[in-house]
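Enquirer: sequence plus the predicted model coming up.
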Amino acid sequence: MSEQIEGNILMEKSFNHSIEANISSWPGCNDYKGVVISLGCSHTAGSEIEGVGDSDTQRQKSYGAKVAQKLGWYHLNYGICGGSNHRIFDLFCDILCDIESNYGYYAPIRDDFNYLFLIGWTSLQRLDLRYPNEMNEQWVQGWPMSRGDENYIPVTVGTNPLMIKDVELRKAFMEGAAVFADNVIMANRLASYIFAIQNIMLSSPYKYYMFNAIENFYDTVHTKLKRPNEDVPETFPPFRGNQLIYNNIDTKYYFHPTSREMNYYRYCTEVKDHKNVTNKYWHLGEAAHEDWAELIYPEIINAYPGLE
């Protein structure tokens with residue numbers, strides 16, 4: 001694995017970590033108190049900060065990297081372009097298991113080493129497609145921004161998944177996605193992820209902080225949501241599970257979960273008046289990432305006094 005350090009940012013050239021490697025292999029690791037592990041979608045990845053696409057350079061300028069810089073910690077950016085909330089939760093579980101088992105790439109190097117999971121939840125309208133190896137060449141072209149799983153493809157409902165080569169399979173998947181990515185189902189699933197992480201971390205020595213990157217929890221719980229292919233929006237009753245989660249969110253570790261303005265995208269575009277950089281995929285520039293880091297950093301410190 002080829003890596004290099006610029007400042008306190010770990011630039012990963014490969015996400016296929018050797019099980020023999022761990023944090024002790026990071027240059028200068030003993031100089032840092034911990035690592036910020038950013039999980040989220042393309043906004044977390046810092047996409048389009050310097051142009052279309054994904055790159056390590058852009059990831060160094062993302063809000064997660066800026067929070068890590070403020071702490072003086074390492075940063076690992078696992079933002080996935082087009083990634084779903086399910087994929088975010090999967091990555092959280094995978095990484096936490098490695099840390100807990102003292103095994104693999106994330107194994108702690110000393111007892112006082114800190115981990116902060118910085119989690120930016122994304123749109124409900126996203127699904128995962130993970131295909132078997134035998135389908136690879138015939139059916140699917142790899143998603144270069146899968147971050148560690150070449151067989152993983154993210155798909156957003158209503159968009160054309162061009163990575164599916166076969167036209168008929170692509171059409172069938174689009175039609176199926178509109179059914180399986182039902183707003184009610186996806187909102188309840190997101191609520192279960194939030195509640196699971198919150199409860200897992202209650203008995204964990206590790207730290208976490210959540211926020212909404214695009215949509216907000218208020219919208220998924222309280223507003224009328226329209227099922228795909230239906231003109232009449234549904235009201236709140238199907239969201240009883242969500243209501244339970246909403247009532248039990250620990251807002252100490254979740255930045256304004258019910259605020260319409262306090263998600264990353266809306267805050268940066270409407271409150272701070274940042275513009276889309278390329279007007280192609282609706283991503284923002286480095287100044288927006290800096291503003292968001294400035295906004296949430298004091299809240300993270302309030303949640304964990306003495307973290308600095």
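Expert: Cool, got the structure.

Enquirer: could you give the average pLDDT over the helix or strand encompassing residue 117?
Expert: When elements are assigned from DSSP states H and E, residue 117 belongs to strand 114-121. Averaged over strand 114-121, pLDDT sits at 95.

Enquirer: residue 83 touches residue 42, doesn't it?
Expert: Yes - taking contact to mean Cβ atoms under 8 Å, the distance of 7.5 Å between residue 83 and residue 42 places them in contact. Any C-beta I mention is one placed from the backbone N, CA and C, and that applies to glycine too.

Enquirer: compare these two (neighbour count), which wins?
Expert: More neighbours surround residue 83 than the other of residue 83 and residue 42, with 29 against 25 (other Cβ atoms under 10 Å).

Enquirer: and the contacts of stretch 200-214?
Expert: By Cβ atoms under 8 Å, 6 or more residues apart in numbering, the surrounding residues in contact with stretch 200-214 are 40-41, 43-44, 96, 99, 114-123, 194, 197, 253-257, 262-265, 296, 299-300, 303-304, 307.

Enquirer: chain neighbours aside, what residue packs nearest to residue 252?
Expert: Using Cβ to Cβ, 6 or more residues apart in numbering and skipping residues adjacent in sequence, the residue nearest residue 252 is residue 303, 5.1 Å away.

Enquirer: OK, contacts around that neighbour?
Expert: With contact set as Cβ under 8 Å, 6+ apart, residue 303 has these partners: 207, 209, 252-253.

Enquirer: which element follows the helix ranked longest in the chain toward the C-terminus?
Expert: With DSSP state H setting the assignment, residue counts place helix 183-202 as the longest helix in the chain. Next in sequence after helix 183-202, counting helices and strands by DSSP H and E, comes strand 207-212.

Enquirer: that next one versus helix 183-202: what angle between them?
Expert: Inter-element angle recorded for strand 207-212 and helix 183-202: 160 degrees (by axes from the mean of the first three to the mean of the last three Cα atoms, to 10 degrees).

Enquirer: export strand 207-212 as PDB, just CAs?
Expert: Output for strand 207-212, consisting of C-alpha atoms alone and laid out as PDB, is shown next (Å, rounded to 0.1, in the frame of the first residue of the first chain):
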ATOM      1  CA  LYS A 207     -16.300   8.700  19.600                       C
ATOM      2  CA  TYR A 208     -18.800   9.700  17.000                       C
ATOM      3  CA  TYR A 209     -20.600  12.700  15.600                       C
ATOM      4  CA  MET A 210     -23.400  12.800  13.100                       C
ATOM      5  CA  PHE A 211     -25.000  15.400  10.900                       C
ATOM      6  CA  ASN A 212     -27.200  15.500   7.800                       C
END
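
Enquirer: and the helix or strand harbouring residue 174, what's buried?
Expert: Under DSSP H and E, the secondary-structure element containing residue 174 is helix 167-180. By neighbour count, with 16 or more other Cβ atoms under 10 Å as the criterion, the buried positions of helix 167-180 are 169-170, 173-174, 177.

Enquirer: run through the stretch 1-150 of the chain and note the low-pLDDT ranges.
Expert: 1-30, 52-53, 102-109, 129-150 (pLDDT under 70).

Enquirer: residues touching residue 261, list them.
Expert: 267, 270-271.

Enquirer: and of the residues you listed, the nearest to residue 185?
Expert: Minimum distance to residue 185 across the contacts of residue 261 is 27.7 Å, recorded for residue 267 (Cβ to Cβ).

Enquirer: check what pLDDT that closest one gets.
Expert: Confidence for residue 267, expressed as pLDDT, is 92.

Enquirer: what is the neighbour count of residue 297?
Expert: Neighbours of residue 297 using other Cβ under 10 Å come to 19.

Enquirer: how long is stretch 54-70 from one end to the other?
Expert: Separation of the first and last residues of stretch 54-70 by Cα to Cα, to the nearest Å is 23 Å.

Enquirer: show me which residues of it are buried.
Expert: By neighbour count, with 16+ other Cβ under 10 Å as the criterion, the buried positions of stretch 54-70 are 54-55, 58-70.

Enquirer: many thanks, we can stop here.
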